[in-house]
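> quick one, fold the following:
(one chain, ligands or ions: 1)
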Amino acid sequence: MLRRGRQRTGTLDAALRLAAAEQEAQRARDQLRAAIEAMPEGVVFLDEDGRYILWNRQYAEIYAGSADLFKVGELLEDQLRIGVARGQYPEAVGREEEWLARRLALLANPGGRHEQLLADGRWIMIEERRTDDGGTIGIRVDITEMKQREASFRLLFDENPLPMCLVDPESLMVRRANTAACQHYGHDDAAFRTLSLLDLHHPESRWDLFRDAWGTIAADKDRTWRQLRADGSTIEVTAFARQLTYEGAPVVLTAFVDVTERRRSEERMTHMARHDPLTGLPNRLAYGEFIVEAVSRARIAGQHLSVLLIDLDNFKTVNDTLGHSVGDELLQQVASRLRECLGDDCFVARLGGDEFAVLVPVAPGSVADEQIAARLIANLSTTAIVGGHQVAAGASIGIARMPADMDVAEQFLKNADLALYRAKAAGRGTFRHFEPGMDEQLQRRRHLEMDLRQALVRGELSLHYQPLVNLQSGRTSGYEALLRWTHPERGSVPPADFIALAEETGLIGDIGRFVLERACADAAAWPEDTKVAVNLSPAQFRNGGILATVMRALERTGLQPSRLELEITESLLMEKSESALATLRALRALGVGISMDDFGTGYSSLSYLRSFPFTKIKIDKSFIRDLHTSPDSQAIVSAIVSLGRSLKMTVIAEGIEDPADLALLLAEGCVEGQGYLFSVPLPLDQLAPHEGDAADAEDAAA
Ligand SMILES: Nc1nc2c(ncn2[C@@H]2O[C@H](COP(=O)(O)O[C@H]3[C@@H](O)[C@H](n4cnc5c(=O)[nH]c(N)nc54)O[C@@H]3COP(=O)(O)O)[C@@H](O)[C@H]2O)c(=O)[nH]1
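Prediction:
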C-alpha cells in the first residue's frame, strides 16, 4: 500500500514537473513569439531539416502570396516551390530549377546576405544564420525603398549629361565614372577605374589638388582645375564635390563642368579690352595700368624710366589721300617696326590714332632714351610699301623722364605729350625732351584755340588787302587778301600767331572757306582787270575738298577764274603728294592762277618749278629786304627774274620797303612788286584808287 502510494506520488510529481516544464517552455515560446513579433523585420526559425518552427507576422506579410500554406513542420523548400509555381519570384521565371537550386544552396550554407525580388515589386534582403541546435534563423528586411533610391541614383549618375566620378576619399582612385565622363575625358569606364584623380590633373597644376586639400573639396567647396583628356589635350573644369555613401562605403561624388571655352572667351575679352585689335599692341588702358605699376616699382627700386610718345608725321596725309585701309596697313607696319626696333625691356602700346608710346627703363644719367628715339625716327622715316604705295610714316617723339621730370604716373604721359608738341612744332621728324614751362605754353595755346573756334562765329575775322603793283606801269594789277583777327580782349592777333594753330586743329578748313568766299566776293566788285590773290595752306589740300571750295566761291560770287590767284608754299610740294598736284592741275585747268609763294626759302625750289607749271613766282621778302646792300641777294633776285622770264612765269617781289630796292628790281626787269613802299595791307573800304599810289612810289624810286 505504502509502496503503491509512494509510486503514485512519484508519478504525480513527474507529471507535475512535466506540466511545469511544458508551462515554462510555453512561456518561453510565448516570450520568443512576443519578441519576434515586436521586431520590424520578418523573422523565421527552421529546424535542422529546414522545416518551419516559428515565424512572425512581418514574415507572413512579406510572403503573403503563399502564407496561407505556412505550417509548423512544413519544409521551406516546399513553400519555395509553391511560391515559384505561383509566380511569386520574378527572377525565377523561365529558369525555375536553377533559381531553386541556388536558393536552396544558400539555405544550406547560411551566413551571408542576398537580395530577393518579389512579384509585387518589393526587394527583400535575406540574412540567414545557423542556430546552436543546427536549425536556421532567417531575417527578412524590406529594402525596396533603398533599392529605389539606388536605382534613382544610378539613373541620375549614369545618365547625367554632366561628367561625374565617384572617388575614394582616401586613395583618390576613381571607383566609377558615368557615360558623360567617359565621353568627355576619352577613357572608358574600365580605364577610369585604374586612374586616380591626380592622373586626370595637368602635371603643372597637380599642386592645385593638394592645395585645395581633398577635405576642403569634400566640404562642398568648388574649385577650378586644369586637367588632361586621354588624347593629351588640356581642359579647365570647375569641380563640384559632395560626400556620400555608395555601396556601403564613403565616396566623394565629383561633377566636372568644363569651363575651357568660357575661360578662353573670358581671356579673349580681357585681351580685347586691353589690346588694340588693329596692331595687337596693348592699348591706352593697358598702358595706363602698366605705367602706374612701373612707376611705383621704379620709385621703390630707385630706377629711372623714360616715356617716348610717338606721333606719325604723315599718317593723316596717307589716310586722307590713299584711304583708310592703307592707313590701317601703315599703322600695322609701324607697330611691327616698333616691336623690331625695341628690346624686350621696353613696353610699347598704341594709345589711339597714330599715337604710340614706349616705356623704357634707363640707367641714371644715360641718354639711351634719346638713342632709341633717334633710331625709331630713322626707322619710321624709311619708305615702306603699303597697299602698293611707297609711304614714309615719319615720326615726331616727345620724351619725359622719371624721376627727373616728375615721379607721378599720370603726369608722365602728359609731360611727354607736351614734349611731343614741341617736337612737332620744331618741324617734325625730330624728338624733344620735356621742359618745365611747356605746360603753361600749352594752356595758352588751348585758350587761343578755343577763342579761334569762336572767332568765325562771332565775326571777328576779316580781310585786309595789299596791292600787287605792275612795276613797269605803276598800276595796281591786283591785291593779296590777308586774314586779320580782331579779338575783343586780345586785340589784333597776327596771322603768324594763329594760322599754324588753325592748320593743326583743322580749323583752317572753315577759315580757308571764309577767306576764299570773302575775297572772291570783294574782288567781283573791282575793275575787270584787277586780280585777287588768296593764300592756301597745305592743310587745306590734305583735308581734301579744296577744288570744290574754290569752284563754289567762284560760282557764288561770279568772279572770273582768271581773276583768282592762289598762293601756295613749297611745303605743299615737299609733301610729294600726287593728289595735291592733281588738285593744282584741276584748278589750273579751271583758269585759276597758281603762284609759288616765298620762293627761294625752300630746299629745292628749282625742282618744284618742274613739278607744276606755275603762273607766278613770288620772290621771298628775305631777298628783297637788303637787296641794295647785298650783292648775294641781287644775284639771287637776278637769277629768279631771268628764270621766270625763260619759264614764262610772272615774277613778283614781296616786301619792298625801300625805293633803292625798287630801283634795282626795276633795273632787273621784275614784273610785279608788293610791299609797304606801296601800301600796307588795308581794309577793303580804305583801299586807294588803283593807279595813283603805285605811280607815286615809282616816282620816288626814280
Ligand atoms: N593760309 C593762309 N595764310 C595767310 C592768310 N593770311 C595771311 N596768311 C599768312 O600769314 C603770314 C603772315 O601774314 P601777314 O602778317 O598778313 O603778313 C603779310 C604782309 O603783311 C607782309 N608784308 C607785306 N609787305 C611787307 C613789307 O614790305 N615788309 C614786311 N616786313 N612785311 C610785309 O607779308 C605777309 C604776306 O606774305 P605772303 O603771304 O608770303 O605774301 C603770311 O605767311 C601769310 O601768307 C590766309 O588767309 N590764309
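
> run through who's touching stretch 163-173.
157, 174-178, 180-181, 183-185, 192-193, 195-198, 214, 218, 243, 246, 249-256, 258 (Cβ atoms under 8 Å, 6 or more residues apart in numbering). (Each C-beta comes from the backbone N, C-alpha and C, glycine too.)

> before we move on, what about stretch 367-382?
Applying Cβ under 8 Å, 6+ apart, the contact partners of stretch 367-382 are 306, 308, 310, 312, 334, 337-338, 341-342, 346, 358, 360, 362, 392-397, 399, 401, 429-431.

> what comes up buried for it?
D369, E370, I372, A373, L376, I377, N379, L380 (16 or more other Cβ atoms under 10 Å).

> same thing with stretch 324-340?
By neighbour count on 16+ other Cβ under 10 Å, the buried set for stretch 324-340 is V326, G327, E329, L330, L331, Q333, V334, A335, R337, L338.

> and the residues you listed, which of them are in helices?
V326, G327, E329, L330, L331, Q333, V334, A335, R337, L338 (DSSP state H).

> take the buried residues of stretch 367-382 and keep only those in helices.
D369, E370, I372, A373, L376, I377, N379, L380.

> next, work out how far apart the third one and R401 are.
Computed as Cβ to Cβ, to the nearest Å, the I372 to R401 distance reads 13 Å.

> kindly report the same for the fifth one.
Here L376 is placed at a distance of 17 Å from R401 (Cβ to Cβ).

> picking that back up, columns distance to Y608 and pLDDT on top of the ones in helices among the buried residues of stretch 324-340, output as a markdown table?
Below are those laid out as a markdown table (distance: Cβ to Cβ, whole Å; pLDDT from 0 to 100):
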| residue | distance to Y608 | pLDDT |
| --- | --- | --- |
| V326 | 25 | 91 |
| G327 | 27 | 93 |
| E329 | 29 | 95 |
| L330 | 26 | 95 |
| L331 | 30 | 96 |
| Q333 | 29 | 96 |
| V334 | 29 | 96 |
| A335 | 34 | 97 |
| R337 | 30 | 96 |
| L338 | 33 | 96 |
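
> relative to the ligand, which of these is nearest.
Closest approach between these and the ligand, by Cβ to the nearest ligand atom: G327, at 25.4 Å.

> tell me which helix or strand the residue positioned nearest the centre of the chain sits in.
Centroid-nearest residue in the chain: M272, 1.4 Å away (criterion: Cα atoms, centre = their mean). Using DSSP states H and E, M272 sits in helix 260-274.

> flag the shaky bits of the stretch 101-250 of the chain, pLDDT-wise.
206-222 (pLDDT under 70).

> coming back round to it: of the contacts of stretch 163-173, grab the buried ones for PyMOL.
Applying 16+ other Cβ under 10 Å to the contacts of stretch 163-173, the buried members can be selected in PyMOL as follows:
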select buried, resi 157+174+175+176+177+178+180+181+184+185+192+195+197+214+218+246+251+252+253+254+255+256
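
> so which of the contacts of stretch 163-173 sit within strands?
Of those, the ones assigned to strands by DSSP state E are 174-177, 243, 246, 249-256, 258.

> which of the ones in helices among the buried residues of stretch 324-340 lies closest to R33?
Checking those against R33 with Cβ to Cβ, the nearest one is A335 at 95.9 Å.

> list the contacts for the closest residue to that closest one other than its chain neighbours?
Once flanking residues are discounted, A335 sits nearest to T279: 3.6 Å by Cβ to Cβ, 6 or more residues apart in numbering. Contacts for T279 (Cβ under 8 Å, 6+ apart) come out as L331, Q332, V334, A335, R350.

> quick one: which two of the ones in strands among the contacts of stretch 163-173 are the most distant?
Across the ones in strands among the contacts of stretch 163-173, the longest distance by Cβ to Cβ is 28.2 Å; it joins A249 and D258.
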